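Peer 1: Kindly return the folded structure for what I paste below:
(2 chains)
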Amino acid sequence: MTNTLHRFGSADSFRDDFIIFAIASRGKNEQGALDKLREFLRLAATFGPVNLGDARHGGALRPCKSLDPTSHWNRDIKPDFDAVIAGLDHITTVAAVFDDRVRAEDFLKAVKERDFGMSINISTSVDGADQCCHAAGIPRHSVGYSLGFEGKTEHLPNSHVLMLSTMCGHGMVANSLAKKMIDWVKEGRRTPEQAVTYLARFCSCGVFNPSRAKRILEEARTSTK
Amino acid sequence: MFINPDKCVACGNCTYVCPMGAIYIDPQIRRATVNRDECVECYACYNGLSQEHLNPTVVRTMRRLFQMMRLRFDPEPDVCPTAAFEPDELVWPRVVRRAFSDPRVPHESTGVEGRGTEEVKTNDVSGRVQVGEVGFTIEFGRPGVGVWFREIQTACHMLARAGVSFEKKNPITSLMTDVSTGTLRDDIMNEKLMSAIVEIKVPVARTEEIVRLVWEIEKHVDTVVALGVGTRCDETGDETVVASILENLGYKLHRAKTNVGLGRITNVVEQAKPETAGAGR
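Peer 2: Next up, the predicted model:
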């Protein structure tokens, strides 16, 4: 899953984007992994993440298959971390998203101490990951660089749209929905907080960063690039 | 994916949530319709939209009344008011669209969700990319453009001619009828995907050559490419060799995924085996 790798933006735009995820490897360390993955999420929840999720069910904001019509006026937009942890029923990749480097560092230290035995990755700027690893006293094992998007880039939309839509690396957040949310925020039809919740529900593995998305929408409100 | 015209009220919400832009309001029938050629069966519409179960006739009547008075109801944009989406029964070869596009469906060949590969995420236990090696993840179609298998075929042929080895535990490789030439099965050529990752591994010394080859491939496919380059760090956790090559090629290394090396083999059966290549650190 290169899901978190190819987020669009400059290194500085990842200053509030730290994803730490755990993954068990088939045939290597998946025995007993389900309980460990739940514990990883429970532990993450104590460090103030902005999102938690698993690759089967999504993040802390999820679509509802039997929505009450009154929700158009009073939709619940609070993330439900407990539901994410309780809903984990398969061995899959689980992720915690932080908008603050110190919190991410503290969580990484706790993960090291707990010694889950599973592969742990951090996805952020190159320097951000390096700083987190240094703070936790962990020498990096491997690194996967994103070289960005190339080829027929004339098919791509503008930067703010891309920054929002690529926060689901599986492409479940459509460029057209991201553009619509920018337009709605500009028109004053929705607040950035509300717009973020619509986008986050489409990300099926819970790595969407609502905090960064809110900042991007605020930036795009006055000057869309 | 199918949108039931008896239920659809043409609210248009779904036209924005399709990552491929394949949903539109058909002016002839005045209902949302899926362009099946462009649909990659990612299920973003079906899985991502919340659903109400309102009576379609009532909703259509209200919408007409509002429209006559030039009034517009301002509903939530991520809702299908009548639960009109109905997944098709997918058969071969169309089913490969979903396998590569719906991240909730694990790939049969690897058992991994998403794009179906673990890359360097589990390198601390798999030893997939060793010291002195570079693993390339060449993802076609991302973000939000899509790719046809015939374009992936073109890319694989060009890579194979350069004598690279395709990663065995990768869904694209599993669809090859001839790995030495990078030839994919014939019956999937006209299937479109959200994106797909071709994965190869080469010695570090070939990094620049492969990047330049990818640049050449990009001229022959009508889509975007997201290029990822994975490698091992040294004993102190540093990595400067590959980064320097990439920076000399003009890349700014904004973002990376870092395997922090806390994984190890813990399965009881695996521990008993002598094979521990790449395990832990």
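Peer 1: which residues of chain B fall in helices?
Peer 2: In chain B, the segments counted as helices under DSSP state H are B:13-17, B:44-48, B:56-68, B:95-101, B:123-126, B:149-161, B:171-174, B:207-218, B:241-248, B:268-272.
Peer 1: spatially speaking, which residue is in the middle of chain B?
Peer 2: Closest residue to the average C-alpha location of chain B: B:S195 at 3.6 Å, with C-alpha atoms, centre = their mean.
Peer 1: Of the helices of chain B, which stretch is the most buried?
Peer 2: helix B:123-126 (a mean of 28; mean count of other C-beta atoms under 10 Å in any protein chain shown). From N, CA and C alone the C-beta is placed, and that goes for glycine too.
Peer 1: Rebuild the helices of chain B as a markdown table, extending it with mean pLDDT.
Peer 2: What follows is the helices of chain B, written out as a markdown table (pLDDT from 0 to 100):
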| stretch | mean pLDDT |
| --- | --- |
| helix B:13-17 | 98 |
| helix B:44-48 | 97 |
| helix B:56-68 | 94 |
| helix B:95-101 | 94 |
| helix B:123-126 | 93 |
| helix B:149-161 | 98 |
| helix B:171-174 | 93 |
| helix B:207-218 | 98 |
| helix B:241-248 | 97 |
| helix B:268-272 | 64 |
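Peer 1: Any chance of those helices in a markdown table with distance to chain A as columns?
Peer 2: Putting the helices of chain B into a markdown table (distance: least, C-beta to the nearest C-beta, whole Å) gives the following:
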| stretch | distance to chain A |
| --- | --- |
| helix B:13-17 | 5 |
| helix B:44-48 | 4 |
| helix B:56-68 | 10 |
| helix B:95-101 | 8 |
| helix B:123-126 | 4 |
| helix B:149-161 | 10 |
| helix B:171-174 | 12 |
| helix B:207-218 | 4 |
| helix B:241-248 | 6 |
| helix B:268-272 | 6 |
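Peer 1: can you pull the pLDDT of B:R264?
Peer 2: In the prediction, the pLDDT value recorded for B:R264 is 94.
Peer 1: backbone phi and psi for the residue lying closest to B:V147 once chain neighbours are set aside, please?
Peer 2: In space, and not counting its chain neighbours, B:V147 is closest to B:G141: 3.4 Å by C-beta to C-beta, 6 or more residues apart in numbering or on different chains. When read as degrees, to the nearest 10, the backbone of B:G141 gives phi 100, psi -20.
Peer 1: I figured B:G141 hits B:M194, correct?
Peer 2: Yes: counting by C-beta atoms under 8 Å, B:G141 sits close enough to B:M194 to count as a contact (6.1 Å).
Peer 1: ok, B:G132 - contacts?
Peer 2: B:G132 is in contact with B:P203, B:V204, B:R232, counting by C-beta atoms under 8 Å, 6 or more residues apart in numbering or on different chains.
Peer 1: 6 Å - rerun?
Peer 2: The neighbours of B:G132, taking C-beta atoms under 6 Å, 6 or more residues apart in numbering or on different chains as the test, are B:V204.
Peer 1: any idea how far it lies from A:A45?
Peer 2: Plainly put, B:G132 is 40 Å away from A:A45 if you go by C-beta to C-beta, to the nearest Å.
Peer 1: swap in A:R101?
Peer 2: Taking C-beta to C-beta as the criterion, A:R101 is separated from A:A45 by 18 Å.
Peer 1: now do B:D26
Peer 2: The gap separating B:D26 from A:A45 is 46 Å, by C-beta to C-beta.
Peer 1: Then A:R62?
Peer 2: The spacing between A:R62 and A:A45, counted by C-beta to C-beta, is 16 Å.
Peer 1: Can you pick out the residue with more neighbours from the two?
Peer 2: Taking neighbours as other C-beta atoms under 10 Å in any protein chain shown, A:R62 and A:A45 compare with A:R62 leading, 23 against 17.
Peer 1: To A:F81, which of the helices of chain B lies closest?
Peer 2: Proximity to A:F81, assessed across the helices of chain B by C-beta to C-beta, is greatest for helix B:44-48 (20.2 Å).
Peer 1: biggest strand in chain A by residues?
Peer 2: The strand that spans the most residues within chain A, counting by DSSP state E, is strand A:142-151.
Peer 1: near chain B, anything from it?
Peer 2: Yes: Strand A:142-151 lies within reach of chain B by C-beta under 6 Å from any C-beta of the partner chain, at A:S142, A:V143, A:G144, A:Y145, A:S146, A:L147, A:F149, A:E150, A:G151.
Peer 1: what packs against that strand?
Peer 2: Applying 3 or more C-beta pairs under 6 Å, 6 or more residues apart in numbering or on different chains; DSSP states H and E, one finds that strand A:142-151 makes contact with strand B:224-232, strand B:255-259.
Peer 1: For A:F40, find the nearest of those.
Peer 2: Ranking the helices and strands packed on strand A:142-151 by proximity to A:F40 (C-beta to C-beta) places strand B:255-259 first, at 15.4 Å.
Peer 1: tell me the angle the closest one makes with helix B:241-248.
Peer 2: Strand B:255-259 and helix B:241-248 meet at an angle of 170 degrees, taking axes from the mean of the first three to the mean of the last three C-alpha atoms, to 10 degrees as the criterion.
Peer 1: for strand B:255-259, packing partners?
Peer 2: Contacting strand B:255-259 under the criterion 3+ C-beta pairs under 6 Å, 6+ apart are the following elements: strand A:119-125, strand A:142-151.
Peer 1: Work out the gap between that strand and the centre of the chain.
Peer 2: Shown here is strand B:255-259, whose average C-alpha point lies 19 Å from the average C-alpha point of the whole chain (C-alpha atoms, centre = their mean, to the nearest Å).
Peer 1: beta partners for A:V97?
Peer 2: Here A:V97 sits in beta bridges with A:I19, A:N51, going by DSSP bridges.
Peer 1: How many neighbouring residues does it have?
Peer 2: By the other C-beta under 10 Å criterion, the neighbourhood of A:V97 contains 29 residues.
Peer 1: what residues are up against it?
Peer 2: The contact partners of A:V97, by C-beta under 6 Å, 6+ apart, come to A:I19, A:P49, A:V50, A:N51, A:V207, A:N209.
Peer 1: Any buried residues in stretch A:41-49, and which?
Peer 2: Residues A:L41, A:L43, A:A44, A:A45, A:F47, A:P49 are the ones in stretch A:41-49 that count as buried (16 or more other C-beta atoms under 10 Å in any protein chain shown).
Peer 1: just curious, which of those residues is nearest to B:E76?
Peer 2: Here the nearest of these to B:E76, counting by C-beta to C-beta, is A:P49; it sits at 25.3 Å.
Peer 1: Can you verify my assumption that the closest one contacts A:A96?
Peer 2: Yes: in terms of C-beta atoms under 6 Å, A:P49 counts as a neighbour of A:A96; the distance is 4.5 Å.
Peer 1: that older thread, now do the residue nearest to the centre of chain B, the pLDDT please.
Peer 2: B:S195 is assigned a pLDDT of 95 by the prediction.
Peer 1: ok, how many other residues are close to A:S176?
Peer 2: Counted with other C-beta under 10 Å, the neighbours of A:S176 add up to 20.
Peer 1: For it, give its distance to chain B.
Peer 2: Taking C-beta to the nearest C-beta, to the nearest Å as the measure, A:S176 falls 5 Å from chain B.
Peer 1: what sits against that residue?
Peer 2: With contacts defined as C-beta under 6 Å, 6+ apart, the neighbours of A:S176 are B:Y16.
Peer 1: Give me the secondary structure label for it.
Peer 2: Classification of A:S176 by DSSP: H, G, I helix; E, B strand; the rest coil places it in helix.
Peer 1: Contact residues of the stretch 1-150 of chain B facing chain A?
Peer 2: Near chain A, the residues belonging to the stretch 1-150 of chain B are B:16-19, B:44, B:48, B:50-52, B:75-78, B:103-104, B:111, B:113-115, B:120-126, B:137, B:143-145 when assessed by C-beta under 6 Å from any C-beta.
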